[in-house]
Structures are given as C-alpha cells and as structure tokens.
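J.: Got a predicted structure plus its sequence, pasted below:
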Amino acid sequence: MEVIRLEAPDDFDGWRMAARALAARGVPPEDVLWQVGDEVTDLFAGADLTMPQGAKTLNVPKDFIDLARMAVLHRDPQRFALLYGLLIRVGRDPRVMQDRADPLVRRLSVLVKAIRRDIHKMRAFVRFREMPVGNRVRYISWFEPDHHILRANAGFFVGRFANMEWSILTPDGSVHWDGDVLTEGAGASSSDIPDEDPTEKIWETYYASIFNPSRLMTGAMLREMPKKYWKNMPETRLITGMIAGARGRELEMIERSKPKA
Amino acid sequence: MSRLDMAGKLEILADAAKYDASCASSGAQKRDSRGGKGIGSTTASSGICHSYTPDGRCISLLKILLTNSCIFDCHYCINRKSSNVRRARFTAKEVVDLTLSFYKRNYIEGLFLSSGIIGSPDYTMEQIVEVARSLRLDHDFRGYIHLKTIPDADPMLVEAAGRFADRVSINVELPTVPGLTKLAPEKSAPRIEGAMGQMRLAIEDSKDARRRYRHAPRFATGQSTQMIVGADDGTDRDIVGRAAHLYDRFGLRRVYYSAFSPIPDASAVLPLKRPPLQRENRLYQADWLMRFYTFTPEDVAQTTDPVTGMLPLDIDPKLAWALKFREHFPVDVNRAPKEALLRVPGLGTKAVNGILSARRVRRLRLEDVGRLTVSVKKLLPFIICEDWRPVRLTDRADLKALVAPKPVQLDLFGA
C-alpha cells in the first residue's frame, strides 16, 4: 500500500503530481491510500513519488483535468481515489471521458454537479455586513459552504468587488481582500462578524414588497433556497409571516376590487 | 398626507414593479470591476438569483419603478391613472444610492428600472436614462442594468438607454390586438412593435461594430418582453403564435408570461380570481420546446385543444405531442438523430447530449440511459435501446394513464 499525503483538502496540484508519478509506475488504484494533512495512519510508509527514468508522460484529455479540478473540492473522502481510478482508465482509452453513462464517470460528474451548485449558491447567498475599520469601511460575511470551495470561489468576489475591502469567513478558512492582495486566514465562527447592518432593514422592506401573495409557491422557493442557508440571510426571518398572511391579503384585494353595491 | 421616507417609497415602488415577471440577469457581456474605480461584474452565461420569495420567484435585480404615477389608464395595471393606490417618486440619486448599497452587500446582480409615465414619454425616458448614466459614468458600476423603454419616447433616448443597459424591454402586454385595445386604450401594438424593430437594429449594429472594432462602444446585448395571461380572452394558441412571431421578427432573448393576478383596487372589467399559474407554467414549457427542443410553433399549436385553443393542463406539452403523434415512437437511442431524441418525453437537453456522447463509445443499454436521466420508467414506452424494445406500448389506448404524472397536492410548506 502506498500512502499519499496531500497538503489541503482542495490540493489539486498535489494530487496531480502524485497521480502522475504513480500512474507512470503502473501502481493500481487499489494499492493507493490518499490522505489529507495530518489525518491519522502511521501504518504505511510514504510513497515514492520520483518519476521513473524514461517514463512516458501521461497525456489526458482536457475534460478530464476540468473534471478533476472541480471534483477534488468535494467533501467525499473517496474523491482522490475515484479520480486516480479514472485516470488509469483514461490513460488506457481516452474515450472513457465521452462515455457519460459509465458508472465511474457518472459518479464523478455527480460530485462536480454538487460543487457547481455549492459555488453558485455561495455567490448568491453570501451577505456582507458593513464594519468601520479606522476611517475606512470593510465588508464582512459569514458563510458555510458544503464543500472545499472557498479558495476556488474567491476570484469571483475579487472580480466583483475589486475596489472594496472585504472578508469572507467560513468554519474551515477565510479569505481577505484589501483592494490589491488576496490573503488566506484560519477558520472563524459566526460571532466574528458584526451583529447587524442598518441596510438590512431596507433590504427586508424590499423583500416583503416584491412578494406577490396571490402566487404562493413555497415549494419552488425551498427547492432553490433550502432552509440550511436561511440563518445567514437576514430577509428569511420574514418568510413565516409572509406565508401566513398571504391568503388573507389576496382575498382582501379581491374584495376591495368588487363593484360597490 | 405625511411625507414618505426611503423605506416608505421603496415599499410602494417595489410593490408597483412586481407584476413584471422578468428578472433575468443573464446574457450580458462578461466583465468585472478590476482595473476600474467602482464595483460590479456580470457573467456571460447564467445570472445569479440572490434570494427567493415565498411565491417561488427569484430576486436577482433590484426591481423598482422610478414613480408609480402614470398618465395612462391600463385596466390590468396597479399604477393606472384611475387607481387610488398611494403614489411615490424616487429621485435618480436615491435609486443610484440604493442600487449601490444593495450591491455592495451582495443582495443583487443589478437594477431593473421601469416607470409610470409622467409628463411625457420623453421626459420619463430621460429620467430612466439618467439613473443608468449616473451608475455607469459617475460610479463606474459594472453590474447588470435592465431598463424598460417607454413606447413613444424619442429614438435618441431609447438609443441612450441601450448604451448604458445590458438589456432593454418593452412589454407587448396582451397577446391579442383587441385585448390591448380594450385593456390598454392608450397603447398601440404597431408602435410597440415599431420600437422593438428599432432596438433590434441597434443591437445588431453594435454587435457588428464590436466584431470589427474591439473598442466599439458597448450596447445592450438583448431585449425581452412580457405578455399578461388570463386578463383578456387570448387563447394559448394565440399566445404561442404571438411569441413565435416576436422571437422571429425581433430576435428577442425572452418572452415572459405573467399570469394575471388580483391587484389592489383592480378595474371592474378584469377577472376576480386566482392567477392561472398552471396555465402560465404550461406556456413556459411550450416556449422552451420552441427555444431548445426544435419544436415549431405549429408543433406546439397541434398540442392545443382544437376547440378551446388551450394547452392541456394535466400533462406537459411535450408529452401531449408524443401521445398525439405516436408514429414517431419508439426512438432508438443508439441510432436516432438528435432532433428525434429531443422529442422523447422525459429526455432533457442534457440527457440527450449525454446519450449522443456516450453512444460514440459503445451501444447503450437501459441501465446506461437510466444513469443519464432522472427517471427511466417514464421513458420506457418511447425508446429502444440495446436490451429494451417496448411491446406495442405506443398503441395502447391507456398510454396516457401509464405515463402522465399522478395528480399531487401542490405546495405544502415542507418541514
């Protein structure tokens, strides 16, 4: 058994280097144990990752690299092993990537789909609160992603808020932008952000006013905005009351529009 | 009457804007705020929904009116002259500040600004353009902007709107001309279509210029419109036909369908009932069939009831088409062309692409198709694969009962 220790849970480059060396030596997938950081297990020695003399570089299609880059961000502990298994098969026959009905390709595609959704929902549901720092202003957010997407998603926020100073804190790590440089920091807790932002009151006014009580469709709302996100989104505290009052408001509008007797 | 504060105005002017269904923030030119002095970015492909209200609708843009005062008297509209709703008006600066402060907190993708008509169409259009100008030029705002254009405004002003916006729209309002004449007497279908035609030319000119000169001035990348469903007696066949005409003639990105819903202080000529949401949903499905599934408007029209002109409510239009034209089935997933696969009820565009890709490698069995779709059971009567061939299932008189979804109680609020 060969043990590979990766530096971080989203360490794509580390996985790629190790996988290339292992594949060049022809190590079968079932003989590799993938680990992140200091996870336990001293049972096995570290693997030999020097490339054998004259080993051929493994050429893989670009869509494999794209898939692997995303799939490593998933929390599934099997992800590195599954990817190595697919790499070995792709090395034998690159057409495997086209076979989207293949069980392994499918399983990894499902991981990638979950990652894309997690990345998308983070872009959507991060909420910044304004915090004065000296004579400047910093925007701070607390967010709990399902997977290891923070680093991969930071570039989106840099592009969008390039001229603001901001921080996004998560349980497993944080990113900070000062207008020039992106830095990484340790995990944080939800109490590390300001308790409120006065603009949230105005946002809630908007949220309540744009709702059409005659069209109540809570199922559609929950599908796209599951309750696990609610606690970090200020407007959601209004939802219960909005639902309870909806039918009454609709009937009142109908009543008021009836021709007066 | 007391003076309204910011929240008071927002309450009125968001409430007045919510009957416009459009909220997309997609299809802009990709850009971000790096190298600029402001904030904002757009994605080239899909937009982002930053929240959802309990009506299941997405909040992507700050959707408000500049004012809900209006010189028009359209019966279906909450803001019509004769309605006694409370009136309010934002200044351009108030809208700019509100947009920026929401955007900085990541509540929105940008602004969707419309307005009641005050003074003249030109005056109103000028006010709308001023908000967009200030966001773009004073604040270097690079987020999404959607502007409603006013039917009879000066083409120069409409052109200016296009320069600052990612999307512009003008509503056709009702699917039929008699409906528009009856319910929106001051509006004119030819003038609305005339404005759409001008906008199409301007959008195409700017695309052409950008192909040739990299630094050609930016311009809106698309236009859309909305039809109200259920306020007049236009049938689904009318609506689908009108939508097809609009897509074809004006190159629209989207046609939105908005089920007419009760509004405060509605006009007495309108139906006092719950909005026809199921009907609206079927129209969106029909629209998708035309945009992504190679259905022609005639294909869709054939699924409507010959007498009433309405789409079936109990099954979706794709299934309705398959049940009516059974001679096209079963379709062999290992051999059939893409267009035939797209006709199979239960196969979406992603599944079809997956099948096309996988079958280049090997012949597909039922379990393979099962891995590419949500439910293979519904497909059984309609497909052939390596180890499956339906036994004259498509001849059965009770086929509909086998494949139609079971009626479910809609919308219980999940725990």
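T.: On my side now, so go ahead.
J.: quick one, helices of the chain?
T.: You didn't pick a chain, so chain A it is. A:12-24, A:62-71, A:79-92, A:103-125, A:150-160, A:199-210, A:218-224, A:239-257 (DSSP state H).
J.: ah, I was thinking of chain B
T.: Counting by DSSP H, the helices of chain B are B:6-15, B:92-104, B:121-133, B:155-164, B:177-183, B:189-212, B:236-250, B:277-292, B:297-301, B:317-324, B:338-342, B:349-358, B:366-372, B:399-403.
J.: one step back: could you dump the helices of chain A to CSV with distance to B:Ala320, mean pLDDT and mean neighbour count?
T.: The way it works is simple: take the backbone N, C-alpha and C, and place the C-beta from them, glycine included. What follows is the helices of chain A, written out as CSV (distance: least, C-beta to C-beta, whole Å; pLDDT from 0 to 100; neighbours: other C-beta atoms under 10 Å in any protein chain shown):
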stretch, distance to B:Ala320, mean pLDDT, mean neighbour count
helix A:12-24, 47, 94, 19
helix A:62-71, 37, 96, 17
helix A:79-92, 41, 96, 19
helix A:103-125, 30, 97, 18
helix A:150-160, 41, 97, 19
helix A:199-210, 34, 97, 19
helix A:218-224, 23, 95, 18
helix A:239-257, 30, 87, 15
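J.: Would you mind giving those helices as CSV with distance to chain B added?
T.: CSV is the format used below for the helices of chain A (distance: least, C-beta to the nearest C-beta, whole Å):
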stretch, distance to chain B
helix A:12-24, 21
helix A:62-71, 10
helix A:79-92, 12
helix A:103-125, 5
helix A:150-160, 3
helix A:199-210, 4
helix A:218-224, 3
helix A:239-257, 4
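J.: Domain parsing of the chain, as residue ranges.
T.: If you meant another chain, say so; for now it's chain A. As given by automatic domain parsing, the domain ranges for chain A are A:2-118, A:126-192, A:199-257.
J.: Chain B is the one I meant
T.: Using automatic domain parsing, the domain ranges for chain B come out as B:6-225, B:317-403.
J.: pLDDT below threshold where in chain B?
T.: Counting by pLDDT under 70, chain B has low-confidence residues at B:1, B:272, B:392-395, B:406-415.
J.: burial measure for the residue of it found nearest chain A, as a count.
T.: Taking C-beta to the nearest C-beta as the measure, the point where chain B comes nearest chain A is B:Gly56, at 2.7 Å. Here the number of neighbours of B:Gly56 (other C-beta atoms under 10 Å in any protein chain shown) works out to 20.
J.: Skipping adjacent residues, who's closest to it in space?
T.: A:Ala220 (2.7 Å; C-beta to C-beta, 6 or more residues apart in numbering or on different chains).
J.: Would you confirm that the one you found contacts B:Tyr52?
T.: Yes: taking contacts as C-beta atoms under 8 Å, A:Ala220 lies within contact range of B:Tyr52: 7.4 Å.
J.: Count the neighbours of the nearest residue to A:Glu204 once chain neighbours are set aside for me.
T.: Leaving out its chain neighbours, the residue that sits closest to A:Glu204 by C-beta to C-beta, 6+ apart is A:Glu235, at 5.3 Å. A:Glu235 is flanked by 22 other residues according to other C-beta under 10 Å.
J.: and A:Glu235, how far is that from A:Lys228?
T.: 16 Å (C-beta to C-beta, to the nearest Å).
J.: again, but for A:Glu250
T.: 30 Å.
J.: now do A:Gln53
T.: 52 Å.
J.: More neighbours: which of the two?
T.: Using other C-beta under 10 Å, the more surrounded residue of A:Gln53 and A:Lys228 is A:Lys228, with 10 against 5.
J.: need the contact list for that one.
T.: Contact criterion C-beta atoms under 8 Å, 6 or more residues apart in numbering or on different chains gives no residues in contact with A:Lys228.
J.: Kindly report the same for B:Gly346.
T.: By C-beta under 8 Å, 6+ apart, the contact set of B:Gly346 is B:Thr373, B:Val374, B:Ser375, B:Lys378, B:Leu379, B:Phe382.
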